[in-house]
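Q: coordinates for the following, if possible.
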Amino acid sequence: MQLMQQQCQRAALSSRSRRVLVEAKTTKAPDAPRIVRGTCFVTKDNIDTDQIIPAEYLTLVPSKPDEYEKLGSYALIGLPDEYTTKFVEEGEMKTKYKVIIGGQNFGCGSSREHAPVALGAAGGPGPLPAQPQADAAHAAAAV
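A: Next up is the predicted model:
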């Protein structure tokens, strides 16, 4: 796990705005490696829950399947304009990114449950922290 975090950290720090292919191994059991492959979406530091899912979308009810899907289409829509690449392309419901490499403090801010739900609904597996995650996002993702 530590090796994976080091590899992701190097990738995130060296490539904040370009696509990175990451192959990370984690172990569920001693003899069962898990390989994660795919295109990464790399964020800068201090991405808060308002940027993951802005307040205007909190009226969507994740327990309703059509609203859950719509919630995913808005994942990370609140990122600043400097992010020219969108996590979910306009008109799409799912992301093409299989890995999110979150910068330091990814998920800081209020502990709104819609943030990790939106990332999951978009088809993302959840963030791999390049630096320690904010407590709110980490706790919400563990639920």
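Q: any idea which helix or strand of the protein has the worst average confidence?
A: Each helix and strand of the chain was given a mean pLDDT (mean pLDDT, DSSP states H and E); the minimum falls on helix 2-14 at a mean of 46.
Q: in a strand, that's where Thr39 is, yeah?
A: Yes - the assignment for Thr39, made by DSSP: H, G, I helix; E, B strand; the rest coil, places it in a strand.
Q: how near is it to Phe87?
A: With distances defined as CB to CB, to the nearest Å, the gap from Thr39 to Phe87 amounts to 11 Å. Where C-beta positions appear, they are placed from N, C-alpha and C, glycine not excepted.
Q: neighbour-wise, which of the two wins?
A: Counting neighbours by other CB atoms under 10 Å for Thr39 and for Phe87 shows that Phe87 has the greater number, 24 against 13.
Q: OK, contacts around that one?
A: Remark: with contacts taken as CB atoms under 8 Å, 6 or more residues apart in numbering, Phe87 is in contact with 41, 75-77, 79, 95, 97, 100, 122, 124.
Q: what touches both of Thr39 and Phe87?
A: Common neighbours of Thr39 and Phe87 (criterion: CB under 8 Å, 6+ apart): Tyr97.
Q: related to what we said a few turns ago, got a quick PyMOL command for the buried subset of the contacts of Phe87?
A: Typed into PyMOL, the line below selects the buried ones among those, using 16 or more other CB atoms under 10 Å:
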select buried, resi 41+75+76+77+79+95+97+100+122+124
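Q: report the lowest-confidence entry in the contacts of Phe87.
A: Looking at the contacts of Phe87, model confidence by pLDDT dips furthest at Gly124: 76.
Q: touching, it and Ile101? I think so.
A: No - when contacts are counted by CB atoms under 8 Å, Gly124 is not listed as touching Ile101 (11.3 Å).
Q: just to revisit the earlier point, so which of the contacts of Phe87 sit within strands?
A: Secondary structure defined by DSSP state E assigns 41, 100 of the contacts of Phe87 to strands.
Q: make TSV from the contacts of Phe87 and add distance to Glu67 to it.
A: Shown next, in TSV, are these (distance: CB to CB, whole Å):
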residue	distance to Glu67
Phe41	23
Ala75	14
Leu76	18
Ile77	15
Leu79	22
Thr95	18
Tyr97	22
Ile100	22
Ala122	14
Gly124	18
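Q: sounds good, over and out.
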